[in-house]
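Enquirer: Sequence below, structure please.
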Amino acid sequence: MNVLVLNASYEPLQKVDLRHAIRMLVREVAVVEEAEEGRTIGRFPVPRVLRLVRYVAMRWRHGRRPPWSKRGVYLRDRGHCAYCGGRGNTIDHVLPQSRGGGDSWENTVLACGRCNNRKADRTPSEAGLTLRLKPRIPHWEELVAR
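Expert: Numbering: from 1, shown residues only. Here you go, the predicted structure:
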């Protein structure tokens, strides 16, 4: 179970596991904003969302784009196939890797197995597919808040 950690200003920072969240509560660096009803661990309610007591400057985010990851593509595309809008489960390179396309935010989208097989080692236009969304670099908040 992951727990969302908010900055003191209520901005999403990251997700941590339950064990880490309880340690934050014990050290009193965070307070529970939302908890699971009726469940506790010792004297603490089982948290869903924590908020830091003090503001943490996120300088590392300013001016830097998030690093590319498969999970990031899934979160950016909200689990939907970029070609048909169905449930996506694979990463597809818009410009295939065999033609010089690489792992980047602008060249990867989420695709369902059917569309990915149909596209194969071709560009979307060669395969007769159209992109429903333009691949883009996501905002940090899109990758943390889910």
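Enquirer: And the contacts of the helix or strand harbouring residue 32?
Expert: Take DSSP states H and E as the rule and residue 32 turns out to sit in strand 30-41. Residues outside strand 30-41 that contact it (C-beta atoms under 8 Å, 6 or more residues apart in numbering): 5-6, 18, 21-22, 24-25, 44-53. For glycine as for every other residue, the C-beta is placed from the backbone atoms N, C-alpha and C.
Enquirer: Run a quick neighbour tally on residue 131.
Expert: 13 (other C-beta atoms under 10 Å).
Enquirer: same thing with residue 84?
Expert: 16.
Enquirer: Please apply the same query to residue 25.
Expert: For residue 25, using other C-beta under 10 Å, the count is 19.
Enquirer: now do the one 3 residues further on
Expert: The burial metric for residue 28, expressed as a neighbour count using other C-beta under 10 Å, is 8.
Enquirer: Quick one: distance of the longest helix seen in the chain to the chain centre.
Expert: Under DSSP state H, the helix in the chain containing the largest number of residues is helix 18-26. The chain centroid and the centroid of helix 18-26 are separated by 22 Å, computed with C-alpha atoms, centre = their mean, to the nearest Å.
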